[in-house]
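S.K.: Can you look at this prediction? I've put the sequence above it.
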Amino acid sequence: MHALVTDRFNASTQTISGLSAEDRFEIVELCHRFDHAINRMDQAATGPMFASSASLITPKGPVEGRDAIVAFFTSVAPLAKGNRHLTVDIVVDPAKMVSGLPSARAASYRLLITAVAPTSLVASGTIDDEFIKENGTWKFVSRKFVMDAPSPDAIASQSK
């Protein structure tokens, strides 16, 4: 086995860099459940996914607090209609404890595609997440969405 793999993975404890395989699965599942809620137009379902003091950084600006985050996603819901939000290539790493709670970070890519055939890519970008585990449940503490700049061809086709 490659040295890097053996350094990061201890098969006897199923712990990868301070996070168990179960922790990693739960974090990835949280990211996917978030997308499902947005895609189903159920923005209220995102509320319990965030810590009460969570922050959200979007191209439209920062949003602070769980209630304000849910209100933000509700306000932009019409923009989500007819599209599918996909979070892919999620890489989870441990982070320092936050107020005595286990924490983690994740980096991923964001794809927004149309929900009609043939599908097309509407937008892409990255997501940087921070999580804490409160009462046995992983929650978002911070989500930062950074969208890629549109290509010159896309800009030209939109101006026609």
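M.R.: Perfect, I can see it now.
S.K.: in this protein, which spans are helices?
M.R.: Assigned helices in the chain, in chain order: 3-8, 21-39, 66-75, 77-80, 152-158 (criterion: DSSP state H).
S.K.: Reformat these as JSON lines; add distance to Thr87 and mean neighbour count.
M.R.: C-betas here are computed from N, CA, C, even on glycine. Shown next, in JSON lines, are the helices of the chain (distance: least, Cβ to Cβ, whole Å; neighbours: other Cβ atoms under 10 Å):
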{"stretch": "helix 3-8", "distance to Thr87": "23", "mean neighbour count": "9"}
{"stretch": "helix 21-39", "distance to Thr87": "5", "mean neighbour count": "16"}
{"stretch": "helix 66-75", "distance to Thr87": "15", "mean neighbour count": "17"}
{"stretch": "helix 77-80", "distance to Thr87": "14", "mean neighbour count": "12"}
{"stretch": "helix 152-158", "distance to Thr87": "22", "mean neighbour count": "10"}
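S.K.: lowest-confidence stretch among those?
M.R.: With a mean of 37, helix 3-8 has the lowest mean pLDDT of the helices of the chain.
S.K.: if we can go back for a sec, quick one: closest of the helices of the chain to Ala95.
M.R.: helix 21-39 (11.1 Å; Cβ to Cβ).
S.K.: For the strand ranked longest in the chain, what is the distance to the chain centroid?
M.R.: Assignment by DSSP state E gives strand 83-98 as the longest strand of the chain. The gap between where strand 83-98 is centred and where its chain is centred comes out at 5 Å by Cα atoms, centre = their mean, to the nearest Å.
S.K.: gap between the spatially most central residue of the chain and Thr46?
M.R.: For the chain, the residue nearest the mean C-alpha position is Cys31 (4.7 Å; Cα atoms, centre = their mean). Separation of Cys31 from Thr46 (Cβ to Cβ, to the nearest Å) stands at 12 Å.
S.K.: what number of residues lie near Thr87?
M.R.: Residues lying near Thr87 (other Cβ atoms under 10 Å) number 17.
S.K.: Check what pLDDT it gets.
M.R.: pLDDT, read off for Thr87, is 97.
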